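K.L.:
Next input, structure requested:
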Amino acid sequence: MAGTDTGVDIAKGGSPATGEPQDPRDLTGLEAGLDALDSVRTGRTPLRETLTRKVLPPVTAVALVLVVWQLLVWAEIAPAYKLPPPSAVGDEVTAAWRQGTLLDYIWTSVSRGLLGFLMALVIGTPLGLLVARVAFVRAAIGPILSGLQSLPSVAWVPPAVIWVGLNDSMMYAVILLGAVPSIANGLVAGIDQIPPLFLRAGRTLGATGLRGAWHIVMPGALPGYLAGLKQGWAFSWRSLMAAEIIASSPDLGVGLGQLLENGRNNSSMSQVFLAIFLILLVGIAIDLLIFSPLERWVLRGRGLLVTR
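P.N.:
Next up, the predicted model:
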């Protein structure tokens, strides 16, 4: 039969179209090609390619913003005290640098933000594990965490000032109330996406309790957990800025939020723009230096990031 003959020819290495034997070298080349598709290039990316793909686009975007900004200033669509030129903001940067206060503004806020985020990480991670793995706790606390996550961070500043006072502890309290729900909910979402087969296999192999959480649950929930960490940092930074804008005291020092408020009180738009620029710069830098490498590491470990 024709179908049987064709099947025999293919089994013997023949071509399905002609039934003629295939050259073993063709099969070897096909196998090598498939292996090449699955391979990941681990060599270092050339500097020129890195500059073209990762540095040039944001630099171009910033340049376009500055050009549009300067064009709006020349068009005089608003008075100079409302829309200062980019050079005025540059003068503010130069003046703060010469006075030695520029880095102090940044460090005051960054040190508070990072320390508050680390505290939120220590609290939010076990809380997320508890909510995800214990049904009663999830039913009792899960809706509260979702509600707290949707609550604006600025709402916590007045009660925190009354409870704790005008000090750094008040800042950390606001950060925790803003960041812990995001971290916990991110971990819960990541755990919910773990295939049940992984959990059953872990229990079969004896990975229960803390051992199962460390070897099965946390690695499986890592993508969702990382997303929660990124959102938690965003809430931490926003909460801190709200606290620094509202609460002012000589004992607290001058952070970026207080710098923004000082610019408003002084009716200095150039100082306001300087504070906004520094707040954005810190947020972008933290994402590029901490969270983007972590995200690439997680994706690469799961075979989802291929360097081409």
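K.L.:
give me the low-pLDDT residue ranges for the stretch 101-250 of the chain?
P.N.:
For the stretch 101-250 of the chain, the stretches with pLDDT under 70 are 206-215.
K.L.:
switch the cut-off to 50
P.N.:
Nowhere does the stretch 101-250 of the chain drop to pLDDT under 50.
K.L.:
And the strands in it, which stretches?
P.N.:
Using DSSP state E, counting those that start in this stretch, the stretch 101-250 of the chain contains no strands.
K.L.:
Would you mark the buried spots in stretch 94-107?
P.N.:
96, 102, 105-106 (16 or more other C-beta atoms under 10 Å). All C-beta atoms are positioned from the backbone trio N, CA, C, and that covers glycine.
K.L.:
ok, now which ones touch residue 82?
P.N.:
Counting by C-beta atoms under 8 Å, 6 or more residues apart in numbering, residue 82 touches residue 269.
K.L.:
so it is in which element?
P.N.:
In this structure, residue 82 is located outside every helix and strand according to DSSP states H and E.
K.L.:
wait, doesn't residue 182 sit right on residue 231?
P.N.:
Yes. With contacts counted by C-beta atoms under 8 Å, residue 182 reaches residue 231, the gap being 4.5 Å.
K.L.:
between the two, which one's more packed in?
P.N.:
residue 182 (25 against 17; other C-beta atoms under 10 Å).
K.L.:
so what's the more buried one up against?
P.N.:
124, 149, 228, 231-232, 234-235 are the contacts of residue 182 under C-beta under 8 Å, 6+ apart.
K.L.:
cool, and residue 241?
P.N.:
So residue 241 contacts 109, 256-257, 260, 279 (C-beta under 8 Å, 6+ apart).
K.L.:
What of residue 254?
P.N.:
For residue 254, the contact set (C-beta under 8 Å, 6+ apart) comprises 101, 104-105, 108, 262.
K.L.:
now, which of those sits nearest residue 62?
P.N.:
Distances from residue 62 to those, taken as C-beta to C-beta, are shortest for residue 105 (20.7 Å).
K.L.:
What distance do you get for that closest one to residue 114?
P.N.:
Per C-beta to C-beta, to the nearest Å, residue 105 is found 15 Å from residue 114.
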